[in-house]
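1. how would this look folded up:
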Amino acid sequence: MLTIHRVHAVRRAADGAPAPGHAVVVSGDRIEAIGPYEELYERYGERARVREWDGVLTPGRHEPDGTAYLEAAYHPDPREAGDLGTAPLTGDALTGLGMTETRWGASARRGLQRLLTTGTTSLTGPFTHPAVRTAVARSGLRERPGALAAGAPADFAVFGESGACLVTVLGGRLVYRGR
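-> Model prediction:
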């Protein structure tokens, strides 16, 4: 199914200038087209759904130190909040937790979910824990950020005026939608 993401502007590269009034058309896991919304709607509107976001669409954030974020920190389960709090635990706080591969995998999945809420679409490893590697591979996050272009993977985020992430899309799938 085709989806037109209508936004205030599209920034094709993280440091690029925003193009006001532009939109992005997604087909499956790829970007089909980028251009002025009116032109894209005329070309695809009959067979596409339109999603409107109140912000600027960009390639998303890149987390340059994914290893530290996912392997040197434990992201507590919400059920552990009473005992451990909600902030990631590092250093000496990790020592007594009894970190098994299963627990590392669950922590990594929660950490990855937190990254998606910030508009992160790529991160850098290397990841040494097998469970963390598996979680990263399944997440859809890329190892390197890419520019937005026709034929490129449909990985992007939309940020509001305040800088808050409104939406994160990976492989054409909406994986985070803010409130």
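2. Go through the helix ranked longest in the chain and flag the buried ones.
-> Of all the segments of type helix in the chain, defined by DSSP state H, the longest one is helix 101-116. Residues of helix 101-116 classed as buried by neighbour count (16 or more other C-beta atoms under 10 Å): 104-112, 115-116. Yep, even glycine has a C-beta here, placed from its N, CA and C like the rest.
3. farthest-separated two in those residues?
-> The most widely separated members of the buried residues of helix 101-116, counting by C-beta to C-beta, are Trp104 and Leu116 (18.7 Å).
4. so where is the protein shaky, pLDDT-wise?
-> Low-confidence segments of the chain, defined by pLDDT under 70, are absent; every residue clears the threshold.
5. And the strands in it?
-> Here the chain has its strands, by DSSP state E, at 2-6, 9-10, 19-20, 22-27, 30-36, 48-52, 56-58, 61-63, 73-74, 89-90, 120-123, 156-159, 165-170, 173-177.
6. Now tabulate the ones you listed in TSV and tack on distance to Glu143.
-> TSV is the format used below for those (distance: least, C-beta to C-beta, whole Å):
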stretch	distance to Glu143
strand 2-6	24
strand 9-10	23
strand 19-20	27
strand 22-27	21
strand 30-36	18
strand 48-52	27
strand 56-58	18
strand 61-63	10
strand 73-74	20
strand 89-90	23
strand 120-123	6
strand 156-159	16
strand 165-170	13
strand 173-177	17
